[in-house]
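**Student:** Predicted model follows, preceded by the sequence.
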Amino acid sequence: MIGKVKIGSSFGGVLRYTMEKQEASLLLSEGVRTDQVHSMIDDFNMQRKLNPNLTKAVGHISLSWSKEDAALLTPEIMKQRALEYMEKMKISGTQFILVEHRDKNHPHLHLIYNRVNNEGKTISDRFQKDRNHKVCKEITLKYGYHLGKGKEQVNRQQLKGADKVRYELYDGIKAASAGAQGWDELSAKLERQGIGIIFKYKSGTSEIQGVSFTKGSLQFKGSKIDRSLSFGKLDALIRQNQKLAMVQQFPMQPEYQPARPQERSRPATLSQQTIDDKILDDLLRPVQQYDQQSMNPIKKKKRKKYLGQSL
């Protein structure tokens, strides 16, 4: 189950789209007349006047399930899941309608509600998108609905607007960061795709705290596109790319160290990753300089004895 959250200013536009869609079916309504679409519009607009300072009074959430869940979902069950969703999202005491659409190959419905509740107070949209993800996952797991396998499985052709751009950013950044060995290289690769990078710095310092990506007029935090695209995750990936490149450039050139007898017959137990790390550390470690006199303790001892006799 996936929820797509929007807020707007026109009840007329969203209600006409929702109700006049081919094969649209009204599942439930609260606080509005349902005989005609213009009656719904008038009722929603009448209540919004209780809070005239709220310009974006329209709440619009589409709830979708995977086509694999179609056999589990009747209109009645979809209605019950939507009401459970509304309770968890704290959308209550206000006008709303639930409308099922059948224009796609997966079950989905639209929830339209008035952000001005019956008492004239505002239903907050603060942290609503984050709460939406959490609630949808809870309901999905509770009823055993199909759980998506990640962004790679999303049908890009059906995306529009900001969602389309967000997935374009995801695909572009994932591809560019796979072999990037520095932020400058990553920036150059993304620039060729029309993607920009904006760093967020700790106040008064040059320490980077976060990263955002832009395309056209839209800007998204890396972590909001996907958790794997936060500054910390990308920086760690770039460092790993650098290390792998060093290992490939100098595959078998460790500093010479005399082998100890007990180590000659010891079986190799280190993984290839450990060996590569050790080689890289050896390459970067300064070579130790040995004092020639300290390498010959016998001569040093004889010298002391001779000097003692001369006294």
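**Tutor:** Structure received.
**Student:** Break this protein down into its domains, please.
**Tutor:** The chain breaks down into these domains under automatic domain parsing: 2-148, 157-249.
**Student:** contacting residues around residue 202?
**Tutor:** Counting by CB atoms under 8 Å, 6 or more residues apart in numbering, residue 202 touches 208, 209. No exception for glycine: its C-beta is placed from N, CA and C like everyone else's.
**Student:** picking that back up, using TSV, please lay out the domains of the chain together with mean pLDDT.
**Tutor:** Converted to TSV, the domains of the chain look like this (pLDDT from 0 to 100):
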stretch	mean pLDDT
domain 2-148	95
domain 157-249	91
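**Student:** Would you agree residue 6 is in contact with residue 60?
**Tutor:** Yes: with contacts defined as CB atoms under 8 Å, residue 6 counts as touching residue 60 at a distance of 4.6 Å.
**Student:** Looking at the two, which is more packed in?
**Tutor:** Taking neighbours as other CB atoms under 10 Å, residue 6 and residue 60 compare with residue 60 leading, 19 against 15.
**Student:** helices or strands next to the helix or strand containing the more buried one in the packing?
**Tutor:** Element membership of residue 60, judged by DSSP states H and E, is strand 58-64. When contacts are defined as 3 or more CB pairs under 8 Å, 6 or more residues apart in numbering; DSSP states H and E, strand 58-64 packs onto strand 2-8, helix 11-19, helix 75-88, strand 108-114.
**Student:** ranking these by burial, who's on top?
**Tutor:** Most buried of the helices and strands packed on strand 58-64 by mean neighbour count (mean count of other CB atoms under 10 Å) is strand 108-114; its value is a mean of 24.
**Student:** Sheet partners, orientation included, of that strand?
**Tutor:** Taking DSSP bridges as the criterion, strand 108-114 sits next to strand 58-64 (antiparallel), strand 96-101 (antiparallel) in its sheet.
**Student:** leaving aside the residues next to it on the chain, what's closest to residue 216?
**Tutor:** Here the nearest residue to residue 216 in space, its sequence neighbours aside, is residue 165; by CB to CB, 6 or more residues apart in numbering that works out to 6.8 Å.
**Student:** burial measure for the one you found, as a count.
**Tutor:** Using other CB under 10 Å as the criterion, residue 165 is surrounded by 21 other residues.
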